[in-house]
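Asker: kindly generate the corresponding structure for this input.
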Amino acid sequence: MSDSDWISRFLSSEAGKLFCRVDNTFLSDKFNWYELESTVPNYSTARAVMFGDEDDVDHDYQQEAQMLYGLLHARFIKEPRGIFQMATKYDYKEFGVCPRHFCHEHALLPCGLNDQLH
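Answerer: Model (predicted):
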């Protein structure tokens, strides 16, 4: 699997700014996709949108593709490569800084409270 234009566009969008790029090696491993088919609605179509097989795919499936990428991202950032990428984003304060005066612009880190969809 190669990187797609959709992934690049998503990561550069407002919705994708909290994500890091998931390695192609990670995306190629079938184990990392385990049980996502039963979790993500319209899984096959969302996967096709993600990897640019858009010739025969309706563009109404963007939300499902974002959901699928988000779940893969959640798994990826638990691995050393993903942790490193997120740490780099944190070090460069890409997630923002604390607005309080006495925090001295301490870097923020996004946090998801659970992995349940909606």
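Asker: helices of the chain, start to end?
Answerer: In the chain, the helices defined using DSSP state H lie at 5-12, 24-28, 36-39, 43-50, 62-76, 80-91.
Asker: now render the ones you listed as a markdown table, adding mean pLDDT, mean neighbour count and distance to V97.
Answerer: Quick note: C-beta positions are derived from backbone N, CA and C, even for glycine. Converted to a markdown table, those look like this (pLDDT from 0 to 100; neighbours: other CB atoms under 10 Å; distance: least, CB to CB, whole Å):
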| stretch | mean pLDDT | mean neighbour count | distance to V97 |
| --- | --- | --- | --- |
| helix 5-12 | 92 | 15 | 21 |
| helix 24-28 | 95 | 14 | 30 |
| helix 36-39 | 94 | 12 | 34 |
| helix 43-50 | 91 | 20 | 32 |
| helix 62-76 | 93 | 19 | 23 |
| helix 80-91 | 96 | 14 | 11 |
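Asker: looking at the ones you listed, which is closest to H101?
Answerer: Nearest to H101, of all the helices of the chain, is helix 80-91, at 21.1 Å by CB to CB.
Asker: how about a markdown table for the helices of the chain, with distance to L18 added?
Answerer: Listed next are those as a markdown table, based on distance: least, CB to CB, whole Å:
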| stretch | distance to L18 |
| --- | --- |
| helix 5-12 | 10 |
| helix 24-28 | 18 |
| helix 36-39 | 20 |
| helix 43-50 | 17 |
| helix 62-76 | 9 |
| helix 80-91 | 9 |
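Asker: which one of those lies closest to A107?
Answerer: Smallest distance to A107 across the helices of the chain (CB to CB): 5.4 Å, for helix 80-91.
Asker: hang on, the earlier thing: closest one to H106 among the helices of the chain?
Answerer: H106 lies closest, by CB to CB, to one member of these: helix 80-91, at 10.6 Å.
Asker: having no further points to raise, I will conclude here.
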